[in-house]
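# would you be able to build a 3D model of this:
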Amino acid sequence: MLLRLASAIVTLGLFAIASPAFAQQTADAIQPDSGDTAWVLTATALVLMMTLPGLALFYGGLVRAKNFLSVLVQCGAIAAIVSVLWIILGYSLAFSPSDSSIIGGISSVMFANLDAVRDGQTIGEPVFAMFQMTFAIITPALIVGAWVERARFGWVVAFCALWSILVYAPVTYWVWGDGWLAQKGVVDFAGGIVVHTTAGISALVVALMLGKRAGFPKTLMLPHSPALTVTGAGLLWVGWLGFNGGSALTASDFGAGTAMINTHLAASVAALVWLLIEKIKVGKATAVGFATGAIAGLATITPAADSVGPMGALILGILAGSVCFFAVGLVKNTLGIDDSLDVFAVHGVGGIIGSILLAVLASSSFDGQGYAEGMSMGSQLWVQIQAVGVVAIWSAVLTLIIGYMVSMAIPMRVSEDAERDGLDIASHGERAWDLDV
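So this is what the prediction gives:
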């Protein structure tokens with residue numbers, strides 16, 4: 001597959017020049033549905049808002065003040081580089097027709113030859129490609145939470161650029177394109193496998209590669225602004241209605257509407273469960289706990305948003321708020337891994353739970369939507385487990401390769417002095433907060 005990717009990059013320039021910007025519509029071409037198109041365009045903006053500024057503020061509030069600006073710059077730079085690469089090559093590898101079940105073709109390099117209406121949809125392919133771009137942006141941006149306060153900026157950008165092509169694009173093709181997992185009947189409505197499993201597993205690997213922050217776990221490293229974290233979580237929550245609702249690709253009651261209901265319910269339940277556990281264990285229900293619980297619920301419902309009913313969303317919300325809560329302690333306290341902002345425990349664990357249990361909760365016994373023709377609870381469960389396992393292994397192995405490969409040119413970690421002074425000054429020469437007290 002890597003040889004195929006290399007071949008695509010080599011032929012990129014000539015192909016882009018020779019191909020039209022977009023496929024021309026013939027007189028009798030099927031026209032996009034204006035309502036569905038308007039909704040997906042709106043959802044595209046909502047999902048981009050999840051990264052800029054939602055995730056940036058959510059993560060930024062959780063770090064110490066001297067590193068706040070660095071998180072914002074990293075999220076912005078990742079959004080920019082992934083956008084460019086998605087248009088140049090990523091979309092084509094993820095969604096173009098191909099004889100391979102492993103990786104897409106190169107017919108849509110530079111967004112060339114996009115159809116007036118993508119097969120099986122009611123929206124134009126340019127709109128679909130833009131919507132999918134926002135998913136490609138937020139997925140590597142999620143990994144930022146694993147390396148905050150110690151990763152070198154140049155390494156971050158280079159790593160995410162390669163990761164988006166070598167990890168995200170192939171997995172997207174496997175699950176959402178015409179890849180081998182799609183052919184097996186895997187279900188992943190909006191990214192429990194494609195987004196959260198890939199990012200969560202990669203975050204855990206990167207945290208191990210980089211090592212712990214200076215002073216972890218003995219030094220108390222409190223969030224410098226829980227208010228910004230809750231604000232970011234609120235933007236993520238609202239944007240997630242576009243993330244999941246938009247994935248229906250139609251403005252319909254039983255597509256987008258069902259997904260949005262389940263999304264909001266799971267987030268609400270998970271936030272309440274997280275607060276309850278905090279109150280019981282530590283005596284205080286915190287703002288950061290509310291925000292983190294809500295995000296865990298959102299990640300967990302994502303793959304199942306159109307497969308389950310409200311009962312399934314309620315169950316997934318309870319599991320998200322409880323299992324992810326204890327996963328945070330397991331990773332940091334028991335295993336001693338400095339996944340700084342709990343990317344694996346929240347996104348990875350949540351995405352995996354939702355991706356596997358949707359096979360059970362889709363049953364009519366749980367008020368679910370049922371199974372595809374020829375599938376049963378058992379067969380769907382086995383497909384889901386296979387998909388999660390293979391994607392987790394692929395993400396881990398490729399993350400190791402990419403991480404060390406980039407480090408040969410750009411060191412992964414900043415110097416001890418830079419880490420002590422904070423990345424805002426050390427990496428960017430600016431301060432997020434320069435108050436004249």
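# residue 65: what's it in contact with?
Neighbouring residues of residue 65 by CB atoms under 8 Å, 6 or more residues apart in numbering: 224, 225, 422, 432, 433. C-beta coordinates here come from the backbone N, C-alpha and C atoms, glycine included.
# skip the chain neighbours and tell me the closest residue to residue 392.
residue 201 (4.8 Å; CB to CB, 6 or more residues apart in numbering).
# picking up where we left off before, pull the most distant pair out of the contacts of residue 65.
Using CB to CB, the contacts of residue 65 span at most 14.5 Å, a distance reached by 225 and 422.
# look at the two and report which has more neighbours.
residue 422 (22 against 19; other CB atoms under 10 Å).
# tell me the phi and psi of the more buried one?
phi 100, psi 140 (degrees, to the nearest 10).
# how close does it get to residue 433?
Per CB to CB, to the nearest Å, residue 422 is found 11 Å from residue 433.
# kindly report the same for residue 416.
23 Å.
# which strands and helices sit next to the helix or strand where residue 357 lies?
Assigned by DSSP states H and E, residue 357 belongs to helix 349-361. Where contact means 3 or more CB pairs under 8 Å, 6 or more residues apart in numbering; DSSP states H and E, helix 349-361 is packed against helix 198-210, helix 287-301, helix 310-329, helix 377-407.
# in JSON lines, list those along with distance to residue 262, mean neighbour count and mean pLDDT.
As requested, these are exported to JSON lines (distance: least, CB to CB, whole Å; neighbours: other CB atoms under 10 Å; pLDDT from 0 to 100):
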{"stretch": "helix 198-210", "distance to residue 262": "21", "mean neighbour count": "25", "mean pLDDT": "98"}
{"stretch": "helix 287-301", "distance to residue 262": "6", "mean neighbour count": "28", "mean pLDDT": "98"}
{"stretch": "helix 310-329", "distance to residue 262": "4", "mean neighbour count": "22", "mean pLDDT": "98"}
{"stretch": "helix 377-407", "distance to residue 262": "17", "mean neighbour count": "18", "mean pLDDT": "98"}
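# would you check that residue 267 makes contact with residue 317?
Yes - counting by CB atoms under 8 Å, residue 267 touches residue 317, with 7.1 Å between them.
# overlap of the contact sets of those two?
297, 301.
# low-confidence ranges, this structure, go.
Counting by pLDDT under 70, the chain has low-confidence residues at 1-29, 435-437.
# 50 instead?
Applying pLDDT under 50 to the chain picks out residues 2-3, 5-6, 8-28, 437.
# residue nearest the centroid of it?
The centroid of the chain falls nearest to residue 139 when counting by CA atoms, centre = their mean (3.1 Å).
# hang on, the earlier thing: okay, the helices and strands packed on helix 349-361 in a markdown table with distance to residue 105 next?
A markdown table is the format used below for these (distance: least, CB to CB, whole Å):
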| stretch | distance to residue 105 |
| --- | --- |
| helix 198-210 | 22 |
| helix 287-301 | 31 |
| helix 310-329 | 36 |
| helix 377-407 | 20 |
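# for residue 253, which of those helices is the nearest?
helix 310-329 (14.3 Å).
# for the closest one, name the packing helices and strands.
For helix 310-329, the packing partners by 3+ CB pairs under 8 Å, 6+ apart are helix 258-282, helix 287-301, helix 349-361.
# rebuild these as CSV, extending it with distance to residue 243.
Shown next, in CSV, are the helices and strands packed on helix 310-329 (distance: least, CB to CB, whole Å):
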stretch, distance to residue 243
helix 258-282, 8
helix 287-301, 8
helix 349-361, 13
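# nearest to residue 367 among these would be which one?
helix 349-361 (8.7 Å).
# now do the closest one against helix 377-407, angle only.
160 degrees (axes from the mean of the first three to the mean of the last three CA atoms, to 10 degrees).
# list the contacts of helix 349-361.
With CB under 8 Å, 6+ apart as the contact definition, helix 349-361 has outside contacts at 187-188, 191-193, 195-197, 200, 296-297, 299-304, 307-308, 311-312, 315-316, 319-320, 323-324, 327, 366, 368, 377, 380-381, 383-385, 387-388, 392.
# let's go with 7 Å and repeat that
For helix 349-361, the surrounding residues in contact (CB atoms under 7 Å, 6 or more residues apart in numbering) are 187-188, 192-193, 195-197, 200, 296, 299-304, 307-308, 312, 315-316, 319-320, 323-324, 327, 368, 377, 380-381, 384-385, 388.
# just stretch 280-291 next, same as before
The set of residues external to stretch 280-291 that reach it, using CB under 7 Å, 6+ apart, is 58, 223, 226, 229, 230, 233, 271, 274, 275, 278, 279.
# which among those count as buried?
58, 223, 226, 229, 230, 233, 271, 274, 275, 278 (16 or more other CB atoms under 10 Å).
# among those residues, which one sits closest to residue 180?
Using CB to CB, those come closest to residue 180 at residue 58, 34.4 Å.
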